[in-house]
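Enquirer: predicted model and sequence below, questions to follow.
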Amino acid sequence: MPRYCFSLQVRPDRMDEYAERHRAVWPEMLAALEETGWRDYSLFLRDDGLLIGYVEADDLVAAQAAMAATEVNARWQAEMAPYFTQLDGAPDEGFVLLHEVFNLDDQLTTARAESHHS
């Protein structure tokens, strides 16, 4: 399953509140994420506000579009937007995707396949 990583910048003065909000995400938001194909979704917050997100999805663009069609996502994104800096639009549409440069499982699989052929 494709893996995606993204970054956003949380306002330093609101990091504690942002983290608190994510300790109790609305159950209907959790259900919508699951139903629209978001898997193994995690967020990591650095002390300076750098937020890194990781998610697996068959197709991130399709998963984002499916979430955008839900009413709960519109409410959630409207409430989350004030926590971010350098953001143009909703947080789930304005994040910066990062390129994966290393994955242990992928490289081990390739190495093991090559060793079986030699």
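Expert: Received it, and whenever you're ready, just let me know what you need. Numbering: from 1, shown residues only.

Enquirer: is residue 6 within a helix or a strand, and which one?
Expert: strand 3-10 (DSSP states H and E).

Enquirer: identify each buried residue in that strand, please.
Expert: By 16 or more other Cβ atoms under 10 Å, the buried positions in strand 3-10 come out as 4, 5, 6, 8, 9, 10. Placement of C-beta: from N, CA and C, glycine included.

Enquirer: which one is the last one nearest to, not counting chain neighbours?
Expert: Right, the one you point to is residue 10. In space, and not counting its chain neighbours, residue 10 is closest to residue 49: 4.2 Å by Cβ to Cβ, 6 or more residues apart in numbering.

Enquirer: looking at it, the one you found is touching residue 9, isn't it?
Expert: Yes: contact criterion Cβ atoms under 8 Å: residue 49 and residue 9 qualify, at 5.4 Å.

Enquirer: which neighbours do those two have in common?
Expert: Common contact partners of residue 49 and residue 9 (Cβ atoms under 8 Å, 6 or more residues apart in numbering): residue 85.

Enquirer: mind checking pLDDT for residue 85?
Expert: At residue 85, the model reports a pLDDT of 92.

Enquirer: I'm done for today, thanks for sticking with me.
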